[in-house]
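In: Give the three-dimensional model of this entry:
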Amino acid sequence: MSNKFKGFGGMNMSKLLKQAQEMQKKAAEVQENLKNIEIEVSVGGEAVKVKGNCDYEVKDIEIKPEVLEDKEMLKDLLVSAFNEYAFRVKERADAEMKAVTGGMNLPNF
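Out: Numbers count the residues shown, from 1 in each chain. The predicted structure is shown next:
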């Protein structure tokens with residue numbers, strides 16, 4: 001008789017736990033690697049560009065001089081650029097994480 005604990009319909013719990021730990025380790029590696037993935041977005045015909053990494057760290061903002069004179073338009077362009085940047089970061093981070101977890105939702109990631 002095997003001394004291994006079996007549960008969940010005969011599945012080996014120690015094997016499942018080991019697989020979960022390996023997946024969690026890979027997810028942590030992906031999370032760390034997100035800092036090295038660069039995202040760049042532009043809006044308004046490239047009037048405003050936002051560059052950053054996939055860890056939501058903005059590295060640079062470029063604004064064309066011609067939009068500096070219209071405060072409302074600049075405000076709208078900045079809001080649009082940051083929203084697009086946040087969307088692209090989330091999209092890329094989700095894709096990177098899904099590649100490791102196979103779509104499983106791990107807590108704290």
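In: So Gln24: helix, strand or coil?
Out: When classified by DSSP: H, G, I helix; E, B strand; the rest coil, Gln24 comes out as helix.
In: Next, count neighbours for the nearest residue to Glu57 once chain neighbours are set aside.
Out: Of all residues not flanking Glu57 in the chain, Lys35 sits nearest, at 7.2 Å (CB to CB, 6 or more residues apart in numbering). C-beta: built from backbone N, CA, C; applies to glycine. Neighbours of Lys35 under the rule other CB atoms under 10 Å: 12.
In: wait, what's in contact with Lys35?
Out: Going by CB atoms under 8 Å, 6 or more residues apart in numbering, Lys35 touches 53-55, 57.
In: Pull out the buried residues from those.
Out: Buried members of these, counted by 16 or more other CB atoms under 10 Å: 53-54.
In: ok, which pair from the contacts of Lys35 is furthest apart?
Out: Using CB to CB, the two most remote members of the contacts of Lys35 are Cys54 and Glu57, lying 8.8 Å apart.
In: For the most centrally placed residue in the chain, which three-state class applies?
Out: Nearest to the geometric centre of the chain sits Ala93, at 2.2 Å (CA atoms, centre = their mean). Classification of Ala93 using three-state DSSP returns helix.
In: wait, what's in contact with it?
Out: Contacts for Ala93 (CB under 8 Å, 6+ apart) come out as 34, 54.
In: Keeping just the C-alphas, turn stretch 58-71 into PDB.
Out: Provided in PDB are the C-alpha atoms of stretch 58-71 (Å, rounded to 0.1, in the frame of the first residue of the first chain):
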ATOM      1  CA  VAL A  58       6.700  55.500 -16.700                       C
ATOM      2  CA  LYS A  59      10.200  56.200 -18.100                       C
ATOM      3  CA  ASP A  60       9.600  59.100 -20.500                       C
ATOM      4  CA  ILE A  61       6.900  61.400 -21.900                       C
ATOM      5  CA  GLU A  62       7.300  63.200 -25.200                       C
ATOM      6  CA  ILE A  63       5.000  66.100 -26.100                       C
ATOM      7  CA  LYS A  64       5.100  67.900 -29.400                       C
ATOM      8  CA  PRO A  65       5.500  71.700 -28.900                       C
ATOM      9  CA  GLU A  66       2.300  72.600 -31.000                       C
ATOM     10  CA  VAL A  67       0.000  71.000 -28.400                       C
ATOM     11  CA  LEU A  68       1.500  72.900 -25.400                       C
ATOM     12  CA  GLU A  69      -0.500  76.000 -26.300                       C
ATOM     13  CA  ASP A  70      -3.900  74.300 -25.900                       C
ATOM     14  CA  LYS A  71      -4.200  73.300 -22.200                       C
END
